[in-house]
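> Predicted model and sequence follow; I will ask about them next.
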Amino acid sequence: MASDPQMLANQRIVEDLASRLRRRQVVGSRQAALETLLVLRQVVSRARFSNVDQLVDVIRSVGRRLVDAQPKGRAHSFLYEYADFNHGSFITGTSEHSVGNTVRKVLHHIREEYHTATEGSTPAPAPTFSIAKFVSQGQPRKQQTVQKNDAAKVPLKENDPDDPDSFARTLKPVLMEAIQDVFDELETVYDNISKNAKDHIHSDEIILTLGKSKTVESFLKAAAHHRNYTVIVAETAPSFVFSSFHDHGLTRHFTRYGGREMAKSLSSAGISTFLVPDSSIYALMSRVNKVILGAHAILANGGMFATSGALLAATAARAYSTPVVVCAGQFKLTPLWNLYHEYGALDFGDPSSVLGFEEGDLVDKVDVVNPYYDYVQPELLDAFITNYGDHPPSSIYRLLKETYDDEDNEL
Amino acid sequence: MSEPSKDGPPTPLSSSQPSQKSMTKAERRELQERQRAAKAAQKQQQGQGQGQASSSASSRSKAQGAPQKKSESGRPRASSSAAPTSSRDVGGAARDGSGGIDSEGPKTRGLRIFSHFGLPKTSGHQVKGDIHPAIIRLGLQFSEFKICGANARCIAMLTAFKTVIQDYTTPAHNTLSRHLMTYLSPQISHLVAARPMSVTMGNAIRQLKLEISGSDIDLPEQDAKDALCHIIDNYIRDRIIIADEVIEDLAVKKIKDGDVVMTYARSSLVEKILIRAHALNKRFSVIVLDSRPLLEGKTLLRTLTSTTPPISCTYALLPALPSLIKEVSVVLVGAHSLHTNGSVYSRAGTAMVAMLAKEHSVPVMVCCETYKFSESIMLDAFGKNELAPLKFSPPEAPKPHSNLEVLDPLYDSTPPTCITAVVTEVGLIPPTSISSIPLALGKTSL
Amino acid sequence: MSDFEIFETYQRLLKNEELSTPLAAILALTEMIEQSRAGTMFELVKELKDGAEELNLKSPNPISLNAGCELFIEFITLFPHPSANFSELKTELIRQGQQYVVEALTYRKKIAELAFDFIKDDSVILTHSYSRVVMQTLLMAHRRKRISVFVTEARPRGLGIKTAEKLRAVGIPCSVVLDSAVAYAIDKVDFVLVGSEAVVESGGLINAVGSNQIAIIAKAANKPFYALAESYKFHRLFPLSQYDLPSHNPKLLSFTQPRPPGMSLKTQSNNASEVNPHQINQEQIAQNNPDVDYTRPDLISLVFSDVGSLTPEGVSQYLVGMFAG
């Protein structure tokens, strides 16, 4: 195992990010992913390991720590999860899946680099054929290019007695490069998604979008360079930027209607924009040519978590056979199935943005529900536009298999 | 082209002579616009606007001369057309778009497409002509949204009419049955200028017109006026008040102990139903969904929670709907009007509630009196709608400018497939059977 | 060939309750290899194919059996055989087959654990007929969560009753639902869970007759429909419709010819003549009706298998990966 001072240093940076995640001081999934990557880069550069499994374990534990640190809503039984006004506690925060995804991506890259690195050096051991392997991996091949754990274990130990650090030393630069690749991908995610924007939006189209998403924003702005079209922005439910912690006595918060900022931003970029409340989504849908949404997380079955209101828009679009397109970076791909097939409202926002204290006597007698996210089924979505190409919801599963390794699904 | 906000009255409901002066002025103005538009229309494709407007207009004009509502602009605004915006009849859409072109360069397609919605009216428009003070006050209340809701507006209007009728004196050489209507027309148009006419108001006025023209010539004036007031009272009593009670009785039977009832925004009728069910000691809870711009659900919430013991309520905004719909046993909504093809025209957002409820096999009951029926066919919420005035936008909302417009449509149209049942005073009916009822009620219309 | 009777072997193996038909088929084939006197791979494969054919013909329900046979034969065909020693190879193949069956018996547990995550507390589950893997899942769920179960009767065999009895024995609240009452009950249900005879290339499901009906009802009521299938049940079949299934024959669902009245009295004079010539008994109905049906992939939400939770599209991937060169 890595020695103690390393562990401490690692712990410190990990804890720092964990606490910032908990306090929602990291805003946005891309930001969370970038910060996670920074932490991982530090951890890898400082880590000492003599076989790949040790490194994987270290990173996994870091990942677990970061994912667990995130606040999750209390809500589980749907009917009336709400803030208990009398006791003044608030449900805080949302879980950023991009943190876990980044960890998985890094692990995937590490294993890949490791395999390419060890391919020439050690002879491939006698591959174990079996029908079970056959079923899960396809035909038995003479030369297994992708070996999973059992076969890979063998060469590792050989490094141990000679020089414990040589393994790490040879591998680290390659790993750092791999991490840098992930960085680059994250940095350029908006540009890559917007690359083909003009192919997706045609002249004089009317596009409907919901709330605020940086990805969709850059997509629409990129298309606006080439095309003249109109955007209708539905302002969707109020959402929080900061939330308050009752026990810390902090009460910094303000309600943000994402849609309004989006409308402001788009219109100042020269796109003709309409701002509407979400009650009129159905009313206007008959004239909308396309619905473009952002995603918070893309799930393994091709569905997604998106900002509250997205399910309404997608259902209305289905009623009019309007295509629904989702713009999201690949770092949002999450190997989760929506467990329980419920609407993803495991996180709820502060009810006071829905029914404020100024309503006085009402607040005592009424339960308020204000979920953050909707789960949108894959049947309602037509395409995902990601920085690595466009995919229908049915291929997401395959994409996940290529991007992450199965054993990392549970960190 | 700054106009006072009230241009002449729309073509009145009856075929009797309009008040000559104001009508022709408006006609003249329209003629000018048409000429200007014709020139500009050559530049732009207004095909879809015209096609849509003309087809909807022809179907409507075949109907009983439904009240044409000119939703007129307030002060000319920099952001959109300076020309008075649409009426809902032919050419309205075309005119608007092209009218705007002259004032500020070509508008984008998007801003043109929605231009027939008309600009939200501002309050405080000028009074044109001889308007009774009761009507003036009413107009103000309408435009301030102090009186809101199809039933409320209709009752308020009829009550005000009673006052007007009582104060009315037939001029010499004229009969009440012929002159009263023309006297009332400018009053009506004043109200329309404040807010577009609701179907309920239109139906009531039509009925009133029928009664007026049928009133006995030989009757002394006061008796005739009393008779009319009496008829108005009866109309309110029979078609609204008693109808509501019958509907309450029917709907309350569908609420069982342990039910979770969901409703959207505020319908006066649904409110009454829930309170009655509660008074009958039924144990149920209510989910109130609400949405901008009007946020009327809060009013409903207040009423429901002030019962003793208070009804247990949950409040949420529309986007929370998918999380809540699974627990709901029945959805109860009100309506602004019901159309021949079975679609329900009601507060914006109702369509989505009905759609999602249908997907989850939750029955949707629309509570609606028969006087809300309209003979027109509504295909979508686009042909006819009304925008909320900007005062309902919260202060931190972005201000409109050349690229940004804030639209707050107030209504939408729910397709009949999403509705399980319509509760009327003649019983529970499926939405598509509505067209057989007005005739049964002896409602004469063409 | 030999005096090795494959069908008897197969039936003997089936007596083990734990073994499902494809596994029994694989074991039967391994025994065949043992007995085989083939000298080359080519001959061996031919023997196995003949054996599989025979099993197919003689078995009343050949589809899942076929899946197992094809899997094994395909594996053997693609197995790289560097050694020149043929008997060593045969031993290896037999070992592989037996090892796989042993491993495959753990699959049900694996699937149960996967599916368990999708079952939340207080779930109401609808299941069809009797399936060992569904049973295992329900038992596991019952140990850790509260569930209640509707089981369809699954006529004509009535296997659903067997399921209900077993569930009741462990204390799971359950109720037997008429096959015709599924639509009535569906709004009370949270999701549908069925086992499978085979999962086919299109991503669809072949299971006891009635599954298709339930899937259609579940879709109409917007409830998820989950299928549990071990990976050896994946079959490279692509039925285009119900009537394209190998289990279908023209005699199924045929209209019986009514016998002319005069003749019947004469021919049945020795029998009790009060027997109604038009009477239909349950046995006839069972024979005239199909045993399995085909559920389209768009009606299925997810397939839970030991290789993971798969969307119906994901199933095709595995099948192509397995069998395509």
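Cool, the structure landed.

> where's C:Tyr226 relative to C:Ala215, distance?
Distance, C:Tyr226 to C:Ala215, by CB to CB, to the nearest Å: 10 Å. C-betas here are computed from N, CA, C, even on glycine.

> Looking at those two, which is more packed in?
C:Ala215 (26 against 23; other CB atoms under 10 Å in any protein chain shown).

> With adjacent residues omitted, what lies nearest to that one?
Sequence neighbours aside, C:Leu299 is the residue nearest to C:Ala215 in space, at 3.9 Å (criterion: CB to CB, 6 or more residues apart in numbering or on different chains).

> now the one you found: how far from C:Leu252?
Counting by CB to CB, the gap from C:Leu299 to C:Leu252 is 22 Å.

> the more surrounded of these two?
For C:Leu299 and C:Leu252, the more surrounded residue by other CB under 10 Å is C:Leu299, and the numbers stand at 19 against 15.

> show me the residues around the more buried one that make contact.
C:212, C:215-216, C:218-219, C:225 (CB atoms under 8 Å, 6 or more residues apart in numbering or on different chains).

> what do you get if the cut-off is 7 Å, keeping everything else the same?
C:215-216, C:219, C:225 (CB atoms under 7 Å, 6 or more residues apart in numbering or on different chains).

> Ramachandran coordinates for it?
phi -90, psi -10 (degrees, to the nearest 10).

> In terms of helices and strands, where is B:Lys209?
helix B:199-213 (DSSP states H and E).

> Following that helix in sequence, what is the next regular element?
helix B:221-235.

> and the direction of that following helix versus that of helix B:199-213, what angle?
150 degrees (axes from the mean of the first three to the mean of the last three CA atoms, to 10 degrees).

> Give me the residues contacting helix B:221-235.
Identification of contacts with helix B:221-235 by CB under 7 Å, 6+ apart yields B:158, B:161-162, B:165-166, B:168, B:170, B:176, B:204, B:207-208, B:211-212, B:215, B:219.

> again, only using 8 Å
In contact with helix B:221-235 (CB under 8 Å, 6+ apart) are residues B:158, B:161-162, B:165-166, B:168-170, B:176-177, B:180, B:204, B:207-208, B:211-212, B:215-216, B:219.

> hey, where'd the strands end up in chain B?
B:259-264, B:284-290, B:312-317, B:330-334, B:337-339, B:344-347, B:364-367, B:373-374, B:404-406, B:411-414, B:421-424, B:427-429 (DSSP state E).

> Residues of chain C that sit close to chain B?
Listed as neighbours of chain B in chain C under the rule CB under 8 Å from any CB of the partner chain: C:187, C:221-222.

> just the residues you listed now: which is nearest B:Ala381?
Nearest to B:Ala381 among the residues of chain C next to chain B, counting by CB to CB, is C:Asn222 at 25.2 Å.

> residues contacting that closest one?
B:359-361.

> Quick check, pLDDT for the residue in the stretch 151-300 of chain C positioned nearest to chain A.
The nearest approach of the stretch 151-300 of chain C to chain A comes at C:Ser231, 4.7 Å away (CB to the nearest CB). In this model, C:Ser231 is scored at 85, pLDDT.

> So it versus B:Glu327, what's the distance?
C:Ser231 is 38 Å from B:Glu327, by CB to CB.

> So what are the structural domains in chain A, by residue number?
A:4-76+A:95-187, A:190-408 (automatic domain parsing).

> now for those domains, which one comes closest to C:Pro62?
domain A:4-76+A:95-187 (20.5 Å).

> For the nearest residue to C:Val189 once chain neighbours are set aside, which residues are in contact?
Spatial nearest neighbour of C:Val189, chain neighbours left out: C:Leu126 (4.5 Å); criterion: CB to CB, 6+ apart. Applying CB under 8 Å, 6+ apart to C:Leu126 gives the contacts C:149-152, C:177, C:182, C:185-186, C:189, C:191-193, C:214, C:218.

> Could you tell me whether C:Leu126 really is in a strand?
Yes. Counting by DSSP: H, G, I helix; E, B strand; the rest coil, C:Leu126 is found in a strand.

> domains of chain C?
Under automatic domain parsing, the residue ranges defining each domain of chain C are C:6-104, C:107-239+C:290-323.

> which of these has the lowest average pLDDT?
Minimum mean pLDDT among those: domain C:6-104, a mean of 84.

> do that one and chain A meet?
Yes. Against chain A, domain C:6-104 shows contacts by CB under 8 Å from any CB at C:71-72, C:75, C:78-80, C:96-97, C:99-100, C:103-104.

> For ChimeraX, write the select line for the buried members of these.
Per 16 or more other CB atoms under 10 Å in any protein chain shown, the buried members of the residues of domain C:6-104 next to chain A correspond to this ChimeraX selection:
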select /C:71,72,75,78,79,96,97,100,104
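
> Excluding chain neighbours, give the residue nearest to residue 195 in space.
In the absence of a named chain, this looks at chain A. In space, A:Lys195 is closest to A:Ala222, 7.6 Å off (CB to CB, 6+ apart).

> my question was about chain C
The spatial neighbour of C:Gly195 that comes closest, neighbours along the chain excluded (CB to CB, 6+ apart), is C:Ser131 at 2.5 Å.

> what do C:Tyr226 and C:Ala215 both touch?
Common neighbours of C:Tyr226 and C:Ala215 (CB under 8 Å, 6+ apart) are C:192, C:300.

> what residues are up against C:Thr77?
C:Val45.

> any idea how far it is from chain B?
48 Å (CB to the nearest CB, to the nearest Å).

> Which strand or helix spans that residue?
helix C:62-78.

> which parts of that helix are buried?
C:62-76, C:78.

> same question, stretch C:108-117
C:108, C:110-112, C:114-116.

> Contact partners for B:Phe284?
B:255-261, B:277-278, B:311 are the contacts of B:Phe284 under CB under 8 Å, 6+ apart.

> ok, the residues you listed vs chain A, which is closest?
B:Val260 (7.9 Å).

> ok, that closest one touching B:Val331?
No. At 10.0 Å, B:Val260 does not count as touching B:Val331 under the criterion of CB atoms under 8 Å.

> if you count what's nearby, which of those two comes out ahead?
Set side by side, B:Val260 and B:Val331 show more neighbours around B:Val331, with 28 against 19, by other CB under 10 Å.

> who's in contact with the more buried one?
Contacts of B:Val331 (CB under 8 Å, 6+ apart): B:261-264, B:353-354, B:357, B:362-365.

> Could you tell me which of those count as buried?
Here, 16+ other CB under 10 Å leaves B:261-264, B:353-354, B:357, B:362, B:364-365 buried among the contacts of B:Val331.

> Which single one of these is nearest to B:Ser189?
Distances from B:Ser189 to those, taken by CB to CB, are shortest for B:Tyr264, at 31.9 Å.

> Confirm for me that A:Phe219 is in contact with A:Lys195.
No. The criterion here is CB under 8 Å, and A:Phe219 misses it with A:Lys195 at 9.6 Å.

> neighbour-wise, which of the two wins?
More crowded of A:Phe219 and A:Lys195, by other CB under 10 Å: A:Phe219, with 26 against 14.

> Which helix or which strand is home to the more buried one?
Going by DSSP H and E, A:Phe219 is in helix A:214-224.

> Can I get the buried ones among the contacts of B:Phe284 as something I can paste into PyMOL?
To isolate the buried members of these in PyMOL, using 16+ other CB under 10 Å:
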select buried, chain B and resi 255+259+260+261+277+278+311
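
> so which two of the contacts of B:Phe284 are the farthest from each other?
B:Lys256 and B:Ile311 (15.1 Å).

> isn't A:Arg111 right up against A:Val52?
Yes. With contacts counted by CB under 8 Å, A:Arg111 reaches A:Val52, the gap being 7.1 Å.

> Dihedrals phi and psi, the residue nearest to B:Ile275 when sequence neighbours are not counted?
Nearest non-adjacent residue to B:Ile275, counting by CB to CB, 6+ apart: B:Thr307, 6.3 Å away. For B:Thr307, the backbone dihedrals (degrees, to the nearest 10) come out as phi -80, psi 160.
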